[in-house]
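*Asks:* I would like the atomic coordinates for the input below:
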Amino acid sequence: MTPLFLSLPPLLSLVLDAAFRSLVLTAVVAGLLGALRVRTPQVAMAAWGAVLLSGLAMPLLVHLAPAGSLALPPGLYRAYRLWTSDGAGDDPAAAAVLRSLMPAVPVVAPRPSWGFVALIIYAAGTAGLLLRLGMGLLLSWRLARAATPVLADWTAGHDVRISPALTVPVSVGGRILLPPAATGWDAACRRAVLAHEASHIGRGDFYTLLLASLYRALFWFSPAAWWLNNRLADLAEASSDAAALATMEDRLSYAQILLDLAGAGRTTPLAAAGVAMARPSTVTRRVDRILAGRLPLAMVSPRRALAMAATVLPLALAAAGASADGRVGDTPDQIAARRAEQALPRTAIAMAPPAYDKFTGYYDLPFSPDRPLKVYRDGDRLMAGVIGQPAMEVLPESSHKFFAKGLPVQGDFIFDVQGRVAGLVLHQDGYLMPARRLDRRVGEALEEALRRHVAANLPQPGSEAALRTHIIQVQAGHIDPATISGAKADAITRMLPQTQPELSALGPIEQVEFRGVGPDGMDVYWVTHAKGRREWRIALDDSGKITAMWFKPIP
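*Replies:* Here you go, the predicted structure:
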């Protein structure tokens, strides 16, 4: 089955990504509330209100959260790729990883842009829900404005108004709107209704549910958006029911009031933008909960509710920073199995040299952000190599997968829905490393920048300090992964049993001498120890992490 979300427009890709992360957050918070046995509606509502705000802010949180703060299990990781891959557009790496994780998927042939169709469907659904929400707000505002104020003592200072368009009490903003029948209610009924609606107003439920409706309109395709909207509405009613029960002598009397109000007739559609007291669709469940005694009556302090809401923030940041690189969810056995498969002998197929042309270009490697892989044609051969390093010939294993001669390395090219090469997955050392295709002008500019860097022959800022720190860590037998970029951390850590004894035997560092910039752009250092010397080559990314490094003895 071909993935549905190849070549998605940037806006839709952003929305899908945010929706998926919010879905993960919703599941995590639901598990947390269940584990903590949270039964108080006010506390639960504070938590789900924080989830709502996090969901609306998720596109921004993605840029603020530390990457990799949440590791997705393999199945969920595959689902994430299915939701967010957009092979031809902004991040073809996502489609490439999905392609290599699902090798049965054939190369996509040219066909109509489903991404554009999906965008139209999304826009139509969102526009319809936003229009409905806007009309409800406008009509509710008119309804509240046209209602007649009640100046009687029993209003207890609340802004209470009578509207002939209503059959049940509704709160709109800070106003309590009552049906004309309210003038005939007894004192107990009025107290219960006012307590219920005043509770809604005090918590700002109208605005919370308004945001929930906005969230549902923006992410209508996500089941979490609909569930969260209903959950918040249910908790808002439960919290207000608890407030109303505090004014009643018994639960049965309040349950009867709810049933009487619900049986008075359906409220107008205008109340959809307000908080109605007794919706027929939910009143039975509420009455059962009240009569069964499952509704806690104790009011909680705002501090406790705020503490629960604050608990959601780190979870939201974790969901926003969920890692989605090719290493997420990999186990040592999976890595070993891939490494063994990558080491198997390969057999080249016949391919006409002109067919190589569609693969040529620059590809952005995750472990070498400023040193892309350059694929080019040299006569009848297809060559590949990181800029600044010697290139090697690659041979076709299939119509889209190539392998290096003499090395356990393969490259699997991914095509977009127009049949153009959008990126590749590098199969190396047991990992699947996605590389999006760069604009040729960007690749050429990086190549020119490398040439100028080599010509300037100046070390990267911080490279000597990073090298000293790394050598000390190796000698101590522990490497901080935060100092290494991408998959290099695993590769370097695996080499520790071999490198640690060798470097430890050299003793402490006595001198570090910069020797120039190599043709590959790496800084070359000679490091003198008490018992020997080594030549090191090191490169850093913009954040100061090591992206490449190796050493050898100095004759």
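
*Asks:* from here on, contacts and neighbour counts on C-alpha atoms
*Replies:* Will do.

*Asks:* quick one: contacts for residue 25?
*Replies:* Contact analysis of residue 25 by C-alpha atoms under 8 Å, 6 or more residues apart in numbering lists 51, 315-316, 319.

*Asks:* Which of those has the largest number of neighbours?
*Replies:* Among the contacts of residue 25, the one with the most neighbours (other C-alpha atoms under 10 Å) is residue 319, at 31 neighbours.

*Asks:* quick one: the residue lying closest to residue 394 once chain neighbours are set aside from residue 304, how far?
*Replies:* Once flanking residues are discounted, residue 394 sits nearest to residue 404: 4.6 Å by C-alpha to C-alpha, 6 or more residues apart in numbering. According to C-alpha to C-alpha, to the nearest Å, residue 404 stands 61 Å off from residue 304.

*Asks:* So between the two, which is more surrounded?
*Replies:* residue 404 (17 against 13).

*Asks:* separation between the more buried one and residue 363?
*Replies:* 16 Å.

*Asks:* and residue 420, backbone torsions?
*Replies:* phi -100, psi 150 (degrees, to the nearest 10).

*Asks:* tell me the pLDDT at it?
*Replies:* At residue 420, the model reports a pLDDT of 82.

*Asks:* Can you report phi and psi for residue 421?
*Replies:* phi -70, psi 120.

*Asks:* do the same with the one 3 residues further on
*Replies:* Backbone geometry at residue 424, expressed as degrees, to the nearest 10, gives phi -150, psi 160.

*Asks:* Could you identify the longest helix within the protein?
*Replies:* helix 114-146 (DSSP state H).

*Asks:* Give me the helices and strands touching that helix, please.
*Replies:* Helix 114-146 sits against strand 170-172, helix 205-218, with contacts defined as 3 or more C-alpha pairs under 8 Å, 6 or more residues apart in numbering; DSSP states H and E.

*Asks:* Would you indicate which residues of that helix are buried?
*Replies:* Neighbour-count burial for helix 114-146, counted by 16 or more other C-alpha atoms under 10 Å, picks out 114-115, 118-119, 122, 125-126, 129-130, 132-133, 136-137, 139-141, 143-144.

*Asks:* Repeat that for stretch 497-506.
*Replies:* Across stretch 497-506, burial judged by 16+ other C-alpha under 10 Å covers 499-500, 503-504, 506.

*Asks:* What about those residues, which are in helices?
*Replies:* The members of the buried residues of stretch 497-506 that map onto helices under DSSP H are 499-500, 503-504, 506.

*Asks:* Enumerate every residue touching residue 254.
*Replies:* Residue 254 sits next to 189, 192, 244-245, 248 when contact means C-alpha under 8 Å, 6+ apart.

*Asks:* ok, the residues you listed vs residue 436, which is closest?
*Replies:* Of all those, residue 244 has the smallest distance to residue 436: 58.9 Å, by C-alpha to C-alpha.

*Asks:* Next, the closest one: phi, psi?
*Replies:* phi -70, psi -40.

*Asks:* Tell me how far stretch 124-138 lies from the chain's centre.
*Replies:* 26 Å (C-alpha atoms, centre = their mean, to the nearest Å).

*Asks:* quick one: average confidence on it?
*Replies:* On average, the pLDDT along stretch 124-138 is 91.

*Asks:* Only alpha carbons, please: show that stretch as PDB.
*Replies:* Presented in PDB, the C-alpha positions along stretch 124-138 are these (Å, rounded to 0.1, in the frame of the first residue of the first chain):
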ATOM      1  CA  ALA A 124     -13.100  22.500   3.100                       C
ATOM      2  CA  GLY A 125     -13.600  20.700   6.400                       C
ATOM      3  CA  THR A 126     -11.900  23.400   8.500                       C
ATOM      4  CA  ALA A 127     -13.700  26.200   6.700                       C
ATOM      5  CA  GLY A 128     -17.100  24.500   7.400                       C
ATOM      6  CA  LEU A 129     -16.400  24.000  11.100                       C
ATOM      7  CA  LEU A 130     -15.000  27.500  11.500                       C
ATOM      8  CA  LEU A 131     -18.000  29.000   9.700                       C
ATOM      9  CA  ARG A 132     -20.400  27.100  12.000                       C
ATOM     10  CA  LEU A 133     -18.400  28.200  15.000                       C
ATOM     11  CA  GLY A 134     -18.400  31.800  13.900                       C
ATOM     12  CA  MET A 135     -22.100  31.800  13.200                       C
ATOM     13  CA  GLY A 136     -22.800  30.300  16.600                       C
ATOM     14  CA  LEU A 137     -20.700  33.000  18.300                       C
ATOM     15  CA  LEU A 138     -22.400  35.800  16.400                       C
END
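
*Asks:* how many neighbours does the closest residue to residue 305 other than its chain neighbours have?
*Replies:* Once flanking residues are discounted, residue 305 sits nearest to residue 43: 4.8 Å by C-alpha to C-alpha, 6+ apart. For residue 43, the neighbour count with other C-alpha under 10 Å is 25.

*Asks:* go on, the one 4 residues further on?
*Replies:* In terms of burial, residue 47 registers 24 neighbours under the definition other C-alpha under 10 Å.

*Asks:* Mind listing residues that contact the host helix or strand of it?
*Replies:* Element membership of residue 47, judged by DSSP states H and E, is helix 41-64. Helix 41-64 is contacted from outside by 14-15, 18-19, 21-22, 25-26, 29, 33, 38, 208, 211-212, 215, 228, 232, 235-236, 238-239, 296, 299-300, 304-306, 308-313, 316-317, 320-321, using C-alpha under 8 Å, 6+ apart.

*Asks:* Please spell out which residue in the protein sits farthest from the middle.
*Replies:* Largest separation from the mean C-alpha position in the chain: residue 184, at 53.6 Å (C-alpha atoms, centre = their mean).

*Asks:* any idea how far that residue is from residue 525?
*Replies:* 91 Å.

*Asks:* Check residue 442 too.
*Replies:* Applying C-alpha to C-alpha, the value for residue 442 to residue 525 is 30 Å.

*Asks:* Which of those two has more residues huddled nearby?
*Replies:* Neighbour count, other C-alpha under 10 Å: between residue 442 and residue 525, residue 525 has more, with 23 against 12.

*Asks:* beta partners for the more buried one?
*Replies:* residue 514, residue 536 (DSSP bridges).

*Asks:* can you check residue 509 too?
*Replies:* Here residue 509, judged by DSSP bridges, has bridge partners residue 529.

*Asks:* State the pLDDT value of it.
*Replies:* For residue 509, the pLDDT comes out at 95.

*Asks:* Secondary structure element holding the nearest residue in space to residue 401 that is not next to it in sequence?
*Replies:* Setting aside the residues directly before and after it, residue 401 is nearest to residue 412 in space (C-alpha to C-alpha, 6+ apart), at 4.4 Å. According to DSSP H and E, residue 412 maps onto strand 409-415.

*Asks:* gap between that strand and the chain center?
*Replies:* 26 Å.

*Asks:* tell me the average confidence for that strand?
*Replies:* 89.

*Asks:* Name the strands paired with it and say parallel or antiparallel.
*Replies:* strand 401-404 (antiparallel), strand 421-428 (antiparallel).

*Asks:* can I get the ones you listed in CSV with distance to residue 388?
*Replies:* Below are the strands paired with strand 409-415 laid out as CSV (distance: least, C-alpha to C-alpha, whole Å):
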stretch, distance to residue 388
strand 401-404, 18
strand 421-428, 18
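
*Asks:* Of these, which is nearest residue 284?
*Replies:* The closest of those to residue 284 is strand 421-428. By C-alpha to C-alpha, the value is 55.0 Å.

*Asks:* Export that closest one to PDB, keeping only CA atoms.
*Replies:* Coordinates of the C-alpha atoms in strand 421-428 are reproduced here as PDB (Å, rounded to 0.1, in the frame of the first residue of the first chain):
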ATOM      1  CA  VAL A 421      14.000  11.800  -7.100                       C
ATOM      2  CA  ALA A 422      13.200  13.500  -3.800                       C
ATOM      3  CA  GLY A 423      15.800  12.000  -1.500                       C
ATOM      4  CA  LEU A 424      17.500   8.900  -0.500                       C
ATOM      5  CA  VAL A 425      18.000   6.600   2.500                       C
ATOM      6  CA  LEU A 426      21.600   5.700   3.300                       C
ATOM      7  CA  HIS A 427      21.900   2.100   4.600                       C
ATOM      8  CA  GLN A 428      25.000   2.000   6.600                       C
END
